[in-house]
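**Q** take a look and give me a structure for this.
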Amino acid sequence: MYKIAAVGDKDSICGFASLGIHIFQADGAQEAAKTLRRLAADHYAVIYITELLASQITDELDRYRHLPLPAVIPIPGVKGNTGLGMRYVGKSVEQAVGSDIISEDDRSSKGI
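**A** Numbering: from 1, shown residues only. Take a look at the predicted model:
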């Protein structure tokens, strides 16, 4: 059976435990990258990671970008939204459909 994890600073991820999601505290890039590799090897299907940490380990995230599992999903932390999560979703959608249908800039230039 596949599992779900959340990686990030304690304040940002502690609430996920109440949903049955396994939480893994990581306070720096090296610790986050190591945790991500361990979770991927341990058959986690979905790994949420705070945007702050994700922005520090983009090379590591790119490793999993084209694989079916795990799905690594950047989420806002307690310090706010950096927009990284939406950029990753946008890239994935663009790759899947061949066009950026999510971008605000793209919609406004088309009068939508």
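**Q** in the protein, which helix or strand is least confident?
**A** Between all helices and strands in the chain, the lowest mean by mean pLDDT, DSSP states H and E belongs to helix 104-109, at a mean of 50.
**Q** what does whatever helix or strand residue 47 lives in rub up against?
**A** Here residue 47, judged by DSSP states H and E, is contained in strand 44-50. The contact list for strand 44-50 (CB atoms under 8 Å, 6 or more residues apart in numbering) reads 2-9, 12-13, 16, 21-22, 32, 36, 39-40, 61, 69-77. For the C-beta atoms, the positions are set from N, CA and C on the backbone; glycine is no exception.
**Q** next step: the residues you listed restricted to helices.
**A** Mapping these onto helices (DSSP state H) picks out 12, 13, 32, 36, 39, 40, 61.
**Q** what subset of the contacts of strand 44-50 is buried?
**A** 4-9, 12-13, 16, 21-22, 32, 36, 39-40, 61, 70, 72, 74-77 (16 or more other CB atoms under 10 Å).
**Q** ok, residue 1 - how many residues close by?
**A** Residues within reach of residue 1, counting by other CB atoms under 10 Å, total 4.
**Q** now do it against residue 44, distance only.
**A** 11 Å (CB to CB, to the nearest Å).
**Q** go on, residue 32?
**A** 14 Å.
**Q** identify the residue nearest residue 10 in space, chain neighbours excluded?
**A** residue 25 (5.1 Å; CB to CB, 6 or more residues apart in numbering).
**Q** doesn't residue 9 make contact with the one you found?
**A** Yes. At 6.9 Å, residue 25 and residue 9 qualify as touching, with contact defined as CB atoms under 8 Å.
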